[in-house]
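**Q** okay, sequence plus prediction incoming.
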Amino acid sequence: MKGVTDRMSAPYTFKLAMDSLWKEKWINLLSALTIATGLLLMAVALSVLYNIQIATRKLPERFVITVFLKEGLTEEKIRDAVSGIKANPKVKSAKYISKDAAMKELKALMKDSDYILEGLDENPLPASVEVGINKEAVSEPSVRAFSDELRAIEGIEDVSYGEKLLSSIQAIKSGAEGIGALVIIILSAGITFVCYSTVKILFYRKKDEIETLQLLGATKGFIRAPFVLEGGLIGLAGGLAALSGIAGLKYLISIKLASLVPVLQSFAYPSAVAVYLPVAGLFVGLLGALIAIGRLRF
Amino acid sequence: MKGVTDRMSAPYTFKLAMDSLWKEKWINLLSALTIATGLLLMAVALSVLYNIQIATRKLPERFVITVFLKEGLTEEKIRDAVSGIKANPKVKSAKYISKDAAMKELKALMKDSDYILEGLDENPLPASVEVGINKEAVSEPSVRAFSDELRAIEGIEDVSYGEKLLSSIQAIKSGAEGIGALVIIILSAGITFVCYSTVKILFYRKKDEIETLQLLGATKGFIRAPFVLEGGLIGLAGGLAALSGIAGLKYLISIKLASLVPVLQSFAYPSAVAVYLPVAGLFVGLLGALIAIGRLRF
Amino acid sequence: MIEFHGVTKAYENSTALRNLSFLIEKGEMVFITGPSGAGKSTMLKLMYMAERPDEGRIVINGTEIETLGDSDIPYLRRNIGVVFQDFRLLPRKTAFDNVALALRIRGMGESDIKPLVNETLKMVNLRHKTDSLPAALSGGEQQRVVIARAIVSEPAIVLADEPTGNLDPDTSSGIMRILKEINARGTTIVIATHNRELLKDTGRRILRLDGGNLLERGD
Amino acid sequence: MIEFHGVTKAYENSTALRNLSFLIEKGEMVFITGPSGAGKSTMLKLMYMAERPDEGRIVINGTEIETLGDSDIPYLRRNIGVVFQDFRLLPRKTAFDNVALALRIRGMGESDIKPLVNETLKMVNLRHKTDSLPAALSGGEQQRVVIARAIVSEPAIVLADEPTGNLDPDTSSGIMRILKEINARGTTIVIATHNRELLKDTGRRILRLDGGNLLERGD
Ligand SMILES: Nc1ncnc2c1ncn2[C@@H]1O[C@H](COP(=O)(O)OP(=O)(O)OP(=O)(O)O)[C@@H](O)[C@H]1O
Ligand SMILES: Nc1ncnc2c1ncn2[C@@H]1O[C@H](COP(=O)(O)OP(=O)(O)OP(=O)(O)O)[C@@H](O)[C@H]1O
Ligand SMILES: [Mg+2]
Ligand SMILES: [Mg+2]
């Protein structure tokens, strides 16, 4: 018997793992479903956070700065001022609102009482520019600095923006991010732990078998390989189950629930991430198995 | 040996369960921690939802309806109109804004250009009442009906409210509720499943012992009682662990994280619910054990 | 006490017992012997209802076992003490608790259990191993715990499957002496064994099995 | 081949072996006997390194086992085939796979394994039970699977702990014949047993243990 190599045939490891999986199919199914549940929860949490992100990302778009122009500027000077504003890299859009347009708006605002404004011999409203800025620039210090830059442009009288709105956008954004990070950290720890303990229990149940294999002269590798493979396959199965669960949920939400809860119609599905679920399952299964068998002694 | 009663002494069942728990303390700790993780996730999800609820509940408070009064009303008639508005049960607050106050607001709005308004021989702005309504009434059909009621009051010219704002408040509220319900349902199913499978695996590992007990003449009750107790105790331990986990998280968030992420300062902790965590743990542990041993056959 | 009427038992791919009929009287002590795989354990399993017959009738202690529902079985089993060939000790319980289990299952109070278990462990020479777990016992010590568990509740019937396979001749004859004593007090005893020394000069009935057939009724 | 020099082994609450010294030559066939709990299994466990001695030196196949690291043990064990007193069959594997395991562990290819396993199962009269799981085998059949697993890899040393405890006399002598054959081909064999019939007229050395002491060196 001497001289026989220690290499272990990969097909046999695979066969061992498949046999073991099949012979305890119910308990393994249970483990896979546990992992699937964890991954599904993770995916749902990520999707909800993703949508919160999208929602808060749209908030800065609604933020505009009003730039009042000086009285009596020539058309050319106005054009210069507007292009001066547009030249700033933080500016996304700039819409010129003439004195007449401003008056029209005011009249619309005053509704039926607009006749009073007719009595004015001169349009008292200033011309202005509505400036939209890049969302990266939407933060209090940045906007303050930006206003100062604009004030330096010739022909500009004053700059006005909603300080209060800005700080509440800030708060909502950082709040959503903070809570999101927290939820993701806790969920990740939770799912990893569930996988670990599932594989650990799986392994624990075979303690006697492992001891026998050791007494028969099996190396650590020979003993561990099928367990790692088994853990990986269970994790993979869990990931696939989570994937189909997510697909089912998506169907349920977009077809059935969206008509009842209108905002769900605009729910965004990060499908690109969903395809990584099986990979994630495989990974946690392998990781759990490796941690679980880590302290194997002879 | 005949004539000995079949009653099983409760202290012995308890001793059996405790022995069994102690003899496999590591694996049981693992199970308890799995349940704790599930409950913790559930508690975190509930807290986040609770805070979203609070946040959206505050939104309707910012919603106001502007009621324009007819020109040239006597003070008495104005008082009648305002008290007519206040008489409506949906009204929470009503603030009268006189023509002069409206002009002052307009002047403040127009800033440095307010001199133009000096030229007016008559104040063209109407007097108005800012009406805050009870948050239960903040919904599109209810507000529309309410405006019609107000229009019927003598001395009222017109009623104006932000249709767009109203419908987005609506959408945010029902969206948060819908997603919240979905997340809670999935989490509940997930945690129950994890408990079930934890206890099932626990039970499965003792298959041989159970068979031996059956062959020795033990009744179903005798065999099951320690398992149910064990499941319950593991669940209870998990619940207690989740409780201390939540307490730890609360400390972490309110002391350490809140200074980094300001919005967390106003995070509300539903502490009253947290004390039910051990009860929930006990319940899922018992339930899981009962389901797991349900199909015991002789 | 134990009646087999034309009993046949087949497993998936082999017939373990063929058309077996015999009768064991109350208070008898009977030996079953035969080569490995002859069906001895299967015969005992039918008696303690771990297996059900495919054909034929079995009557234990006056009860037609076919008529028993699932919930009646535990109560019938309490009249039977079994020495399992594969021991079936609970690995997480001490020798004391393994033996006491037989009494706890029957609902006996803890105060009565203690002296009874200790006395029985003394009978099988294991008083010094009371608190050992099965894994910390030698093969023969484990077997004696199993024997103690089978007899501690003083059942009407004791079924012993190869009870001396792990015991040296002296310990074996000690155990046989105990079984004979119990038998003398009225307990019906059935012993399946290969041990020629046990079968020598017993003066008891010996049922010989081979390939599932009863060769010799011995009566 | 196997050397014990002043070996003492104690468990938590009892000393199983006291200051044991003996030598088993390559190619010898030695019996160990003694009452239940004498320390026979402990002695074999020291030889296959399931337990480590508290005092003294053990040399197996020229290797001082004290010097072995954890990762060397599997390779030394591959020179040893063990018939465990408690069988240690893998419950989820068939008889064939349980026997084949000994070869797979040693890295043998599947094509070589099949004929070798089948031949060995035939030697122990279990060719017809190839595909049975341990739970579907009688006690004696299980024991023969364990024996087949111990000898299939043709190890340099075979350690057999009570190998005939569940076998009838005819099957027992069949097994003994096989062991003698293997021994004649140069394998060192150590058998721990109670069975007086095995010990009769062997013409081999018998080590007698009692309470952890070696009564008779037999040489
Ligand atoms: N659960 C089972 N499934 C299939 N076959 C079985 C099962 N149990 C036993 N057998 C087969 O039935 C036959 C009789 O088995 P049994 O255990 O009754 O033999 P035995 O006389 O007790 O043998 P031994 O002396 O070796 O213990 C054997 O061939 C065995 O392989
Ligand atoms: N793991 C252990 N822990 C504590 N004590 C043990 C352990 N293993 C064996 N013993 C004790 O050591 C003594 C010798 O045991 P061993 O198994 O070597 O006996 P043996 O000669 O093989 O007996 P048998 O013939 O009954 O198999 C016994 O008293 C036993 O209780
Ligand atoms: Mg048998
Ligand atoms: Mg032994």
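**A** That came in fine, so what should we check first? Ligands and ions are numbered 1, 2, ... in the order given.
**Q** all contacts plus neighbour counts: C-alpha atoms, from now on.
**A** Noted.
**Q** how near is whichever residue of chain C sits closest to chain B to C:Glu110?
**A** Closest to chain B within chain C is C:Pro74: 4.0 Å, counting by Cα to the nearest Cα. According to Cα to Cα, to the nearest Å, C:Pro74 and C:Glu110 sit 21 Å apart.
**Q** quick one on the thing from earlier: tell me the secondary structure at the residue of chain C closest to chain B.
**A** Following DSSP: H, G, I helix; E, B strand; the rest coil, the label given to C:Pro74 is helix.
**Q** looking at chain C, which residue is nearest ligand 1?
**A** Taking Cα to the nearest ligand atom as the measure, chain C has C:Gly39 as its residue closest to ligand 1, at 3.1 Å.
**Q** need phi/psi at that residue.
**A** Here is the backbone geometry of C:Gly39 (degrees, to the nearest 10): phi 120, psi 10.
**Q** that one is in contact with C:Leu17, isn't it?
**A** Yes - in terms of Cα atoms under 8 Å, C:Gly39 counts as a neighbour of C:Leu17; the distance is 6.1 Å.
**Q** and for these two, which residues touch both?
**A** Common contact partners of C:Gly39 and C:Leu17 (Cα atoms under 8 Å, 6 or more residues apart in numbering or on different chains): C:211-212.
**Q** quick one: the residue in the stretch 101-250 of chain A positioned nearest to chain C and C:Asp97, what's the gap?
**A** Residue of the stretch 101-250 of chain A nearest chain C, by Cα to the nearest Cα: A:Asp208 (11.6 Å). Noted for A:Asp208: a distance of 22 Å to C:Asp97, by Cα to Cα.
**Q** how about A:Ala17?
**A** 37 Å.
**Q** and what of A:Leu216?
**A** A:Leu216 sits 32 Å away from C:Asp97 when distances are taken as Cα to Cα.
**Q** neighbour-wise, which of C:Pro74 and C:Glu110 wins?
**A** C:Pro74 (22 against 14; other Cα atoms under 10 Å in any protein chain shown).
**Q** quick one: the more buried one and B:Thr219 touch, right?
**A** Yes - using Cα under 8 Å, C:Pro74 is in contact with B:Thr219, at 5.7 Å.
**Q** near ligand 2, which residues of chain C are found?
**A** C:135-141 (Cα under 6 Å from any ligand atom).
**Q** buried subset of the residues you listed?
**A** C:138-141 (16 or more other Cα atoms under 10 Å in any protein chain shown).
**Q** now distance to ligand 1, pLDDT and secondary structure too, for those residues, in a markdown table please.
**A** Conversion of these to a markdown table gives the following (distance: Cα to the nearest ligand atom, whole Å; pLDDT from 0 to 100; DSSP: H, G, I helix; E, B strand; the rest coil):
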| residue | distance to ligand 1 | pLDDT | secondary structure |
| --- | --- | --- | --- |
| C:Ser138 | 20 | 96 | coil |
| C:Gly139 | 17 | 95 | helix |
| C:Gly140 | 17 | 96 | helix |
| C:Glu141 | 20 | 96 | helix |
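**Q** the residue of the stretch 151-298 of chain A found nearest ligand 4: neighbour count?
**A** Ligand 4 sits closest to A:Leu215 of the stretch 151-298 of chain A, with a gap of 16.4 Å, by Cα to the ion. Other residues within reach of A:Leu215, judged by other Cα under 10 Å, total 24.
**Q** residue ranges in the stretch 151-298 of chain A under the pLDDT threshold?
**A** Low-confidence segments of the stretch 151-298 of chain A, defined by pLDDT under 70: A:161-177, A:179-180, A:183, A:186-187, A:190, A:194, A:198, A:201-202, A:256-266, A:294-298.
**Q** all the helices of it, residue numbers only.
**A** Assigned by DSSP state H, counting those that start in this stretch, the helices in the stretch 151-298 of chain A fall at A:163-204, A:207-215, A:220-251, A:271-274, A:277-293.
**Q** who wins for proximity to C:Pro163 among the ones you listed?
**A** Taking Cα to Cα as the criterion, helix A:207-215 is the member of the helices of the stretch 151-298 of chain A that comes nearest to C:Pro163, at 24.8 Å.
**Q** tell me if that closest one is near chain D.
**A** Yes - contact of helix A:207-215 with chain D is found when judged by Cα under 8 Å from any Cα of the partner chain, involving A:209, A:212, A:214-215.
**Q** assign the residue nearest in space to the middle of chain C to helix, strand or coil.
**A** Computing the C-alpha centroid of chain C and ranking residues by Cα atoms, centre = their mean puts C:Leu159 first, at 2.1 Å. Classification of C:Leu159 using three-state DSSP returns strand.
**Q** same check on the one 5 residues further on?
**A** Recorded secondary structure, C:Thr164: coil (three-state DSSP).
**Q** could you check the pLDDT of it?
**A** Per-residue confidence for C:Thr164 comes out at a pLDDT of 94.
**Q** ok, it - contacts?
**A** Shown in contact with C:Thr164 (Cα under 8 Å, 6+ apart): C:143, C:172, C:175, C:193, C:195.
**Q** rerun that using 7 Å as the cut-off
**A** Contacts for C:Thr164 (Cα atoms under 7 Å, 6 or more residues apart in numbering or on different chains) come out as C:Ser172.
**Q** for it, phi and psi?
**A** According to degrees, to the nearest 10, C:Thr164 has phi -120, psi 10.
**Q** for D:Thr164, see how far away it is.
**A** Here the criterion is Cα to Cα. By it, C:Thr164 lies 12 Å from D:Thr164.
**Q** for chain C, what spans make up the strands?
**A** Along chain C, counting by DSSP state E, strands occupy C:2-11, C:14-24, C:29-33, C:55-60, C:63-64, C:80-83, C:157-161, C:188-192, C:205-210, C:213-216.
**Q** give the buried residues for stretch A:82-94.
**A** Judged by neighbour count using 16+ other Cα under 10 Å, the buried positions of stretch A:82-94 are A:82, A:85-86, A:90-91, A:94.
**Q** restricted to strands, list those.
**A** A:91, A:94.
**Q** specify which member of the buried residues of stretch A:82-94 is nearest to C:Glu55.
**A** A:Lys90 (92.0 Å).
**Q** burial of the residue of chain C found nearest ligand 3, as a residue count?
**A** Here chain C gets closest to ligand 3 at one residue, C:Ser41, 4.0 Å apart by Cα to the ion. C:Ser41 has 24 neighbouring residues, counting by other Cα under 10 Å.
**Q** and it, what does it touch?
**A** C:Asp161.
**Q** okay, the closest residue to C:Ala10 other than its chain neighbours: pLDDT?
**A** Nearest non-adjacent residue to C:Ala10, counting by Cα to Cα, 6 or more residues apart in numbering or on different chains: C:Ala16, 5.4 Å away. Looking at C:Ala16, its pLDDT reads 94.
**Q** where does chain C come near chain D, residue by residue?
**A** C:35-37, C:85, C:138-141, C:165-169, C:194 (Cα under 7 Å from any Cα of the partner chain).
**Q** make it 8 Å
**A** Taking Cα under 8 Å from any Cα, the part of chain C that reaches chain D is made up of C:34-37, C:41, C:85-86, C:137-141, C:162, C:165-171, C:194-196.
**Q** nearest spatial neighbour of A:Ile97, chain-adjacent residues omitted?
**A** With Cα to Cα, 6+ apart as the criterion, A:Ile97 has its nearest non-adjacent residue at 5.2 Å, and that residue is A:Ser128.
**Q** same question, A:Phe68
**A** Spatial nearest neighbour of A:Phe68, excluding adjacent residues (Cα to Cα, 6+ apart): A:Ser128 at 4.3 Å.
**Q** contacts only, for the one you found.
**A** Counting by Cα under 8 Å, 6+ apart, A:Ser128 makes contact with A:66-69, A:96-99.
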